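Asker: next input, structure requested:
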Amino acid sequence: ALTVGRRERAANTLSSRKWKALPITNDLGVVEYATDGIGLLLPTSLCSGQAGNMIAKRLHERFVVNAAAEAPAGKTFETTTTVTHADGTKKSITYSGPAGGAAKKSPPFSRIVAIPHTEGCGSSGGDSEDLANRTLIHHLLHPNVRYSVLLEHGCEKTHNDAFQNEISKAGRSTEQFDYLSLQLDGGVEKCFVSSADNFARAFKRMPLQERTEVGLDKLSIAVISRDPVPDHVQKGLATLVRAIIEAGGNVVCAGTIVAPGPFVIDLFEGGDAGPTDGRAVRDEETGDLVVPKTLGYGQLPAENGLHIMQTSSTHYVEMLTGVVGTGVGVVLAYAARPVQSHPMIPTVQFGLARGSNSWSGEGIPDTALAAGVDLMLPKPPADAGAAEEDATATALMDLVLSVASGERVPVAMQVGNTDFQLSRGFTGISL
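Answerer: Residues are numbered from 1 along each chain as shown. Got it, this is the predicted structure:
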């Protein structure tokens with residue numbers, strides 16, 4: 001991780017903030033702090049992507065949308081799901097929670113989603129294969145994923161056995177997931193019935209989720225940007241990042257926010273003690289402060305702190321997919337125009353009012369931007385300074401923590417504006 005300069009100001013106040021996490025014990029017996037609990041249908045390749053998406057939507061309808069959330073007397077939650085098999089037989093499974101504490105408990109899945117992608121058919125190997133496999137495995141093992149079914153087509157390079165090998169190489173148990181094959185198991189409808197059976201069993205055995213208050217040391221977020229970020233907003237973001245880092249949390253950055261500018265200068269030269277990390281150096285020709293990359297695309301960090309992820313393009317969704325592969329629980333994105341959310345992980349967007357509702361000139365009308373983002377920062381005064389920067393940091397912290405605590409769902413996720421796209425690295429060769 002990169003070393004960030006400490007500063008006695010708003011960051012100290014923000015560092016003491018709390019949020020309500022979902023403590024999840026993984027297969028290694030380690031407690032991880034999730035921002036959500038989801039079910040995942042993971043297509044192992046391009047070839048099973050759309051079938052996986054169709055199945056996930058039907059699973060979500062059955063186990064989430066149609067789940068009866070009103071508990072009878074003496075129980076915190078109860079839902080009954082009926083699985084209809086291909087031969088016409090039906091089986092009902094009832095899942096219920098124990099008595100007491102209803103206010104803080106909810107069913108094990110808030111959503112069931114798929115992440116169809118464009119890789120895995122077998123066009124190449126090497127770096128393209130390593131990048132795709134690493135990123136997908138880290139999505140599968142993400143703390144927010146409570147249960148997953150992997151779906152292969154059957155003839156691809158990245159079939160179920162290949163994924164089991166990758167899971168084992170990561171030191172994790174392959175038995176925590178179930179595996180289906182479109183070819184081997186008889187097509188889409190039979191795979192849906194089998195996956196419904198699998199999810200019903202998982203639904204029944206999982207403990208109820210209960211959020212608990214924790215500090216920022218248990219928070220991991222990404223800060224990304226596709227569009228150029230105004231200077232005073234960069235400084236506000238730097239205050240936010242500094243607060244999380246000083247509390248012991250984790251921040252992964254990518255995109256224009258890490259280009260030479262106030263964000264980088266503030267973090268590495270704006271501390272009370274002056275310059276910090278010697279890896280942030282001035283370019284001899286331009287004089288710009290340049291920060292090295294500490295993570296590969298979709299790579300898990302070895303320790304909490306500030307990390308800069310390497311990207312091979314400026315494609316926003318590729319960047320979004322990569323930072324989620326690093327294990328973050330919330331993505332915070334600056335948007336001059338509304339952008340997509342990740343399908344698995346809440347992506348909160350904020351924009352900056354320009355004081356115009358006209359389509360002329362640069363940008364889009366404030367009303368159009370406000371409809372697609374989660375927070376509109378006010379147009380700053382000409383002499384914007386520390387007060388405006390601290391106000392920006394506080395507003396953004398409020399937004400991030402409300403989403404991380406499950407109190408708010410980002411606009412893009414509400415309307416289904418989500419996307420997923422793996423990078424093909426610097427060669428641009430498909431796997």
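
Asker: identify the residues contacting A371.
Answerer: A371 makes contact with P338 under the criterion C-beta atoms under 8 Å, 6 or more residues apart in numbering. Glycine gets a C-beta too; all of them are placed from N, C-alpha and C.

Asker: check it and give its pLDDT.
Answerer: At A371, the model reports a pLDDT of 92.

Asker: ok, and it, which helix or strand is that part of?
Answerer: Following DSSP states H and E, one finds A371 within helix 366-372.

Asker: got the CA coordinates for that helix in CSV?
Answerer: Extracted as CSV, the C-alpha positions of helix 366-372 are listed here (Å, rounded to 0.1, in the frame of the first residue of the first chain):
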residue,chain,number,x,y,z
ASP,A,366,-28.3,19.7,-14.0
THR,A,367,-31.8,18.2,-13.9
ALA,A,368,-30.7,15.4,-16.3
LEU,A,369,-27.6,14.7,-14.3
ALA,A,370,-29.4,14.8,-10.9
ALA,A,371,-31.9,12.2,-12.2
GLY,A,372,-29.1,9.6,-12.8
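
Asker: buried ones in that helix?
Answerer: Within helix 366-372, the residues scored as buried using 16 or more other C-beta atoms under 10 Å are 366, 369-370, 372.

Asker: most widely separated two among these?
Answerer: Largest separation among the buried residues of helix 366-372 by C-beta to C-beta: D366 and G372, giving 11.4 Å.

Asker: which of the helices or strands spans E129?
Answerer: Assigned by DSSP H and E, E129 belongs to helix 126-140.

Asker: after that helix, next one along is what?
Answerer: Counting by DSSP H and E, the element after helix 126-140 in chain order, helix or strand, is strand 145-152.

Asker: L320 against S225, yeah?
Answerer: No: the criterion here is C-beta atoms under 8 Å, and L320 misses it with S225 at 11.0 Å.

Asker: what is the nearest of the buried residues of helix 366-372 to Y316?
Answerer: The nearest member of the buried residues of helix 366-372 to Y316, counting by C-beta to C-beta, is G372 at 13.8 Å.

Asker: which non-adjacent residue is nearest that closest one?
Answerer: In this structure, G372 finds its nearest non-sequential neighbour in P338, 2.8 Å apart by C-beta to C-beta, 6 or more residues apart in numbering.

Asker: likewise for G325?
Answerer: G298 is the one closest to G325 (C-beta to C-beta, 6+ apart), at 2.9 Å.

Asker: against G154, how distant is that neighbour?
Answerer: 25 Å (C-beta to C-beta, to the nearest Å).

Asker: those two: who's more crowded?
Answerer: Between G298 and G154, counted using other C-beta atoms under 10 Å, G298 has the larger neighbour count: 26 against 15.

Asker: for that one, helix, strand, or coil?
Answerer: Here G298 is recorded as coil under DSSP: H, G, I helix; E, B strand; the rest coil.

Asker: P260 belongs to a helix?
Answerer: No: with three-state DSSP as the criterion, P260 is located in coil rather than a helix.

Asker: pretty sure it sits against T286.
Answerer: Yes: between P260 and T286 there is a contact under C-beta under 8 Å: 7.4 Å.

Asker: who's more crowded, these two?
Answerer: Using other C-beta under 10 Å, the more surrounded residue of P260 and T286 is P260, with 15 against 9.

Asker: next, the buried residues of stretch 263-270.
Answerer: For stretch 263-270, the neighbour count (16+ other C-beta under 10 Å) marks 263-268, 270 as buried.

Asker: restricted to helices, list those.
Answerer: 263-268 (DSSP state H).

Asker: what's the farthest-apart pair in those residues?
Answerer: The largest separation in those, counting by C-beta to C-beta, is between F263 and F268 at 9.6 Å.
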